[in-house]
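> okay, here's the prediction I keep looking at, along with the sequence it came from:
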Amino acid sequence: MTASMEIYQRSFPMKQRETKRRRKGRREWKIEIPNDVMEEIVMRLPVRSIMRFQAVSKHWESMIKTRDFRARHMAHQRSKDPKLMFVSYGQYHIRFEQRDMETTSLEESLCLKIEEIKGAIAISECCDGLVCFYGLTDAVRVINMATETSLVPPLPLAKFQQLYKDHPDPDLEVEMEDVTDEDDDLHTVPVPFILFTRFGFGKDRVTGRYKIVWLYNIYPATLNKKKKTRCEVFDFEEWRWRFVTTRPLDHHQILSSQRPSFANGSLYWLTGDERGYPSTQTKLIVFDIYTEMFQVTSTPPFITPDASGDKIGLCNLDGRLCISELKGDCKQEFWWRVEECNKWERIFSVDLNSTSCWFGGITSQPLTPLAISRDNNKVVLSLTYQGNLVDFDLDPDSTVYHLYYSGYYGLAVPYFPSLSLVHATF
């Protein structure tokens, strides 16, 4: 026993030295990963992990903050199925829930406490993972769900909001000395208000700058019979609202209460009648966010020439402009714009008689496609003010509809986690 102990004690220091040499050897052995390969790896990480990786080194921090890296990260996100963001709100809070596209299981939840907002709250479309919420007289706030933060301070009130806040009577006319555009420098304008006006939120495809475009009807149009609309643009880089000319929209009103759709660097609205109600002379209003210029075009040829505006659907589907028409037989055809060849492509049609059981028996309002799943080749359909979502198999021979989701929410939008505005300074 004693001999064995002595042998162990003599051999232990030798083993310890060998172990240290091995450890030292491992410490000196390195793997060199090229920077471009490392960027590709980091780009595929979740947003919160990427934010933490900024602390690794100054090189990583500067790489992650570049606009090119953010754009490549978003392009990778868009190569996958989107998430779904369900938004609901109460008097003192607003809740964002991120759900998996395939299973609708809850992945993330964010509840923001807000001061009391008087009146209705509007939620914008989601642009690069950003979403805005606001009221007629309450400042616009921008949220990035991926970082669970309000990235910028509340925006200053638009002139439209200030007018309505100071003069809530829609028949009251007020002086505006600081409103200028190409048409005139000083004039009296009426309070521009019809129901709840929603703005468009999008990105300049050339410079990558985010802009809010608030196009609204002038009502009652008692002073200038030709000029029907007015438009304010908020540029996040300039951090101010400014008016842009709406001269191409002379004699045109926008259809009230619609949410403009953003696709491929432009925003789109449908026109209405003199009071902003649905018309059978519906036109398409296009606003290029880069040039900040409007144009009015006819609806695509597959839309019935005298179709009423409330039977035409307009939305962004998988990054493309999607237009549809609800026909008298309750059939609705959906088409989207193929920018590469400047053509329209029919993608699918639905029968509202088959979906009405999930939408309160309604067959008179067009459905809105929410998102397309590439994994299972299905499209998710929604109807305004209805809590259910329905999915539809895109197989041309299929006529199968399923209840996809049922629950309370104010708005559901397709969503891609992003680094948008994370490093912005204002």
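Good, I have the coordinates.
> can you list the low-confidence ranges for the protein?
Along the chain, segments meeting pLDDT under 70 span 1-30, 116-118, 149-151, 167-196, 219-226, 423-426.
> for it, what spans make up the helices?
Ranges of helices within the chain are 2-28, 35-43, 47-53, 58-64, 67-78, 159-166, 352-355, based on DSSP state H.
> what's the fourth one in contact with?
The one in question is helix 58-64. With contact meaning C-beta atoms under 8 Å, 6 or more residues apart in numbering, helix 58-64 is reached by 35, 39, 42, 50-51, 53-55, 69, 419. C-beta: built from backbone N, CA, C; applies to glycine.
> mind redoing it with 10 Å?
With C-beta atoms under 10 Å, 6 or more residues apart in numbering as the test, helix 58-64 has contacts from 35, 38-39, 42-43, 50-51, 53-57, 69-70, 73, 419, 422-423.
> quickly list what residue 295 is bridged to.
Beta bridges link residue 295 to residue 286 when assigned by DSSP bridges.
> kindly apply the preceding question to residue 202 instead.
Beta-bridge partners of residue 202, as defined by DSSP bridges: residue 211.
> hmm, it is touching residue 235, no?
No. Using C-beta atoms under 10 Å, residue 202 makes no contact with residue 235, being 11.7 Å away.
> shared neighbours of these two, anything?
Common neighbours of residue 202 and residue 235, using C-beta under 10 Å, 6+ apart, are 209-212, 289.
> PyMOL command for the buried members of these?
Buried residues among the shared contacts of residue 202 and residue 235 (16 or more other C-beta atoms under 10 Å), as a PyMOL selection:
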select buried, resi 210+211+212+289
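> could you dump the shared contacts of residue 202 and residue 235 to CSV with distance to residue 324?
Formatted as CSV, the shared contacts of residue 202 and residue 235 follow (distance: C-beta to C-beta, whole Å):
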residue, distance to residue 324
209, 31
210, 28
211, 27
212, 26
289, 24
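> quick check: the two most widely separated of the shared contacts of residue 202 and residue 235?
Using C-beta to C-beta, the pair of the shared contacts of residue 202 and residue 235 lying farthest apart is 209 and 212, separated by 11.1 Å.
> between the two, which contacts overlap?
By C-beta under 10 Å, 6+ apart, the residues touching both residue 209 and residue 212 are 202, 235-236.
> who wins on neighbours among those?
Among the shared contacts of residue 209 and residue 212, residue 202 has the most neighbours (other C-beta atoms under 10 Å), with 25 neighbours.
> now do the contacts for that residue.
Each residue near residue 202 by C-beta under 10 Å, 6+ apart is listed here: 124-125, 127-128, 209-213, 260-267, 287, 289, 316.
> next one: residue 108
Contacts for residue 108 were tallied using C-beta under 10 Å, 6+ apart; they are 48, 83, 85, 96-99, 145-146, 148, 417.
> tally of neighbours for the nearest residue to residue 330 once chain neighbours are set aside?
Closest residue in space to residue 330, ignoring its immediate chain neighbours: residue 352 at 4.3 Å, by C-beta to C-beta, 6 or more residues apart in numbering. Using other C-beta under 10 Å, residue 352 has 21 neighbouring residues.
> same check, this time on the one 5 residues further on
Residue neighbour count, defined by other C-beta under 10 Å, stands at 12 for residue 357.
> before we move on, what about residue 135?
16.
> what are the bridge partners for it, then?
residue 121.
> which stretches of the stretch 301-426 of the chain form strands?
Ranges of strands within the stretch 301-426 of the chain are 312-317, 320-326, 331-338, 343-351, 368-373, 378-382, 388-393, 401-406, 411-415, based on DSSP state E, counting those that start in this stretch.
> mind listing what's buried in stretch 87-98?
Of all the residues in stretch 87-98, those buried under the rule 16+ other C-beta under 10 Å are 87-89, 94, 96-98.
> what's near enough to touch residue 406?
Neighbouring residues of residue 406 by C-beta under 10 Å, 6+ apart: 104, 358, 386-390.
> which pair in those residues spans the largest distance?
Pairwise over these, using C-beta to C-beta, the maximum falls at 104 and 386, 16.1 Å.
> how about the strands in the stretch 51-200 of the chain?
With strands called from DSSP E, counting those that start in this stretch, the stretch 51-200 of the chain shows them at 83-89, 93-99, 106-113, 121-123, 130-135, 141-144, 149-150, 173-176, 187-190, 200-203.
> nearest to residue 375, of those strands?
Distance to residue 375, taken as C-beta to C-beta, is lowest for strand 83-89 among these, at 13.0 Å.
> ok, residue 324 touching residue 261?
No. Using C-beta under 10 Å, residue 324 is not in contact with residue 261; the gap is 11.9 Å.
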